[in-house]
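# model the following, please.
(one chain, ligands or ions: 2)
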Amino acid sequence: MDIMKVEREIPFLDLTKDPKDLEEGSDGWKCLSKKVREACEEYGCFQVKYNKLPTHLGEEMFKASKELFDLPDEIKVKNLNSKPYYGYIGKIDAVPLYESLGIEDATTVDGARTFAQQIWPDGNPVFCETVNSISNKLYDLELLVLKMVMQSFGAEKYYNSYVESNNTIVRVNGYKAPHSNDLQMALAPHTDNSSLTVLCQESQGLEVLSKEGEWLRVAPLPGAFVVFVGEALKAWSNARLHTAKHRVMTNGDRQRYSFGLFLAPKEGAVIEIPEELVDKEHPLLYRPFNYMDYLNYYASNLHMDNVLEVYAGV
Ligand SMILES: O=C(O)CCC(=O)C(=O)O
Ligand SMILES: [Fe+2]
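Numbering: from 1, shown residues only. Ligands and ions are numbered 1, 2, ... in the order given. Alright, predicted model coming up:
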């Protein structure tokens with residue numbers, strides 16, 4: 001008899017089951033918070049179903065993404081930003097299929113407009129509307145995850161100031177078709193530098209490295225999102241939370257699209273581990289550090305593994 005190999009998967013959490021689960025302090029909420037924290041500790045990520053986000057919004061976003069990536073290169077490169085990883089990324093020899101654009105403060109009307117005016121002479125109001133609505137929903141989901149994690153660490157008093165010291169950036173990713181049957185590395189393994197990332201992939205390709213060193217495929221479930229812990233929140237948590245390396249592998253003749261909302265510390269924000277997360281079993285691992293200085297250090301040391309440990313480790 002054949003023994004079927006069951007593929008391991010990252011945790012899946014359904015937030016749409018019972019509306020009471022999302023009532024802060026309810027039993028359902030406490031139970032979900034525990035699961036969220038455990039997923040962030042063990043995997044550094046999880047898939048989640050979240051009903052505040054109607055599927056048509058995701059479809060509109062993918063349609064807009066396709067139009068964006070069909071534009072000539074000389075237009076796309078107009079998406080400039082002085083901060084590293086906030087603007088156009090592409091034409092990288094190691095990952096020639098990958099292209100990405102960044103929309104800073106995508107939750108605000110001004111943020112979406114600033115981006116759209118870089119790309120379209122008329123500022124594409126329809127695109128702005130789509131980006132604003134979707135990023136606000138994804139932002140709500142990130143805040144929910146952040147609150148659950150902080151509460152379960154008994155560190156909820158830091159929630160408001162943490163939220164205030166962060167802003168958002170949407171990255172829209174396009175991967176050219178590899179035109180090969182063999183899987184190609186479309187995006188190299190990395191961890192995100194954000195506090196949290198919520199990602200939506202239109203088609204398969206995303207893989208996550210487990211703590212056991214196994215690449216786990218993440219299936220694109222309809223209406224589901226992938227939440228990743230980023231280096232900023234890992235640092236804040238005194239490395240109680242894990243950051244998972246992930247990559248994109250593609251083959252065939254189809255382009256691939258994804259987009260993500262990154263919650264990340266603002267310019268000037270300092271990451272400092274709260275005393276609630278330091279004890280005998282969890283000695284202090286990082287000194288307080290300026291996030292943007294860390295990000296610039298990261299950008300100029302791309303060959304380095306464990307940049308956070310090197311930059312801020314004590
Ligand atoms: O396209 C994907 O599925 C992954 C994108 C990603 O990891 C990123 O933008 O940081
Ligand atoms: Fe990523």
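# close to ligand 1: what parts of the chain are there?
Residues of the chain lying near ligand 1 by Cβ under 6 Å from any ligand atom: 171, 173, 187, 192, 199, 201, 206, 246, 248, 258, 260. C-betas here are computed from N, CA, C, even on glycine.
# ranking these by neighbours, who comes first?
Neighbour tally across the residues of the chain next to ligand 1 (other Cβ atoms under 10 Å): the maximum, 26 neighbours, falls on D192.
# the closest residue to that residue other than its chain neighbours - how many residues pack around it?
Leaving out its chain neighbours, the residue that sits closest to D192 by Cβ to Cβ, 6 or more residues apart in numbering is G230, at 4.1 Å. G230 has 21 neighbouring residues, counting by other Cβ under 10 Å.
# so how far is K63 from G230?
Distance of G230 to K63, given as Cβ to Cβ, to the nearest Å: 28 Å.
# the closest residue to ligand 1 within the stretch 151-300 of the chain: which element?
For the stretch 151-300 of the chain, the residue closest to ligand 1 is S258, as judged by Cβ to the nearest ligand atom, at 3.4 Å. Per DSSP states H and E: S258 is located in strand 256-265.
# what's the following helix or strand after that strand?
Once strand 256-265 ends, the next helix or strand along the chain (criterion: DSSP H and E) is strand 270-271.
# which elements pack onto that following strand?
On a contact count with 3 or more Cβ pairs under 8 Å, 6 or more residues apart in numbering; DSSP states H and E, strand 270-271 meets helix 231-236, strand 289-290, helix 291-299.
# sheet-wise, list the partners of it with their directions.
strand 289-290 (antiparallel) (DSSP bridges).
# identify the residues contacting the strand it pairs with?
235, 268-271, 311-312 (Cβ atoms under 8 Å, 6 or more residues apart in numbering).
# for these, pick the one with the most neighbours.
Neighbour max across these (other Cβ under 10 Å) = A235, 28 neighbours.
# hang on, the earlier thing: wait, doesn't the residue of the stretch 151-300 of the chain closest to ligand 1 sit right on N173?
Yes - here S258 reaches N173: they are 4.7 Å apart, a contact under Cβ atoms under 8 Å.
# got a list of what the residue nearest the centre of the chain touches?
For the chain, the residue nearest the mean C-alpha position is T197 (2.1 Å; Cα atoms, centre = their mean). Counting by Cβ under 8 Å, 6+ apart, T197 touches 227-228, 230, 260-263.
# any idea of the mean pLDDT for the host helix or strand of G111?
G111 belongs to helix 109-119 when elements are defined using DSSP H and E. Helix 109-119 comes out with an average pLDDT of 96.
# what angle separates the following helix or strand past that helix from helix 109-119?
Downstream of helix 109-119, the first helix or strand assigned by DSSP H and E is helix 125-152. Between helix 125-152 and helix 109-119, the angle comes out at 130 degrees (axes from the mean of the first three to the mean of the last three Cα atoms, to 10 degrees).
# can you name the element that comes right after helix 125-152?
helix 159-164.
# tell me the mean pLDDT for that following helix?
The model assigns helix 159-164 a mean pLDDT of 98.
# then it to PDB, C-alphas only?
C-alpha atoms of helix 159-164 as PDB (Å, rounded to 0.1, in the frame of the first residue of the first chain):
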ATOM      1  CA  TYR A 159       0.000  48.900  21.900                       C
ATOM      2  CA  ASN A 160      -1.000  52.600  21.200                       C
ATOM      3  CA  SER A 161       2.500  54.000  21.100                       C
ATOM      4  CA  TYR A 162       3.700  51.100  18.900                       C
ATOM      5  CA  VAL A 163       0.900  51.800  16.400                       C
ATOM      6  CA  GLU A 164       1.600  55.500  16.500                       C
END
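# name the surrounding residues that touch it.
Taking Cβ under 8 Å, 6+ apart as the rule, helix 159-164 contacts 143, 146-147, 150-151, 195, 236.
# need those in JSON lines with pLDDT and neighbour count, can you?
Shown next, in JSON lines, are the contacts of helix 159-164 (pLDDT from 0 to 100; neighbours: other Cβ atoms under 10 Å):
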{"residue": "L143", "pLDDT": "98", "neighbour count": "16"}
{"residue": "L146", "pLDDT": "98", "neighbour count": "20"}
{"residue": "K147", "pLDDT": "98", "neighbour count": "19"}
{"residue": "M150", "pLDDT": "97", "neighbour count": "23"}
{"residue": "Q151", "pLDDT": "95", "neighbour count": "18"}
{"residue": "S195", "pLDDT": "98", "neighbour count": "28"}
{"residue": "W236", "pLDDT": "98", "neighbour count": "25"}
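# cool, thanks, signing off.
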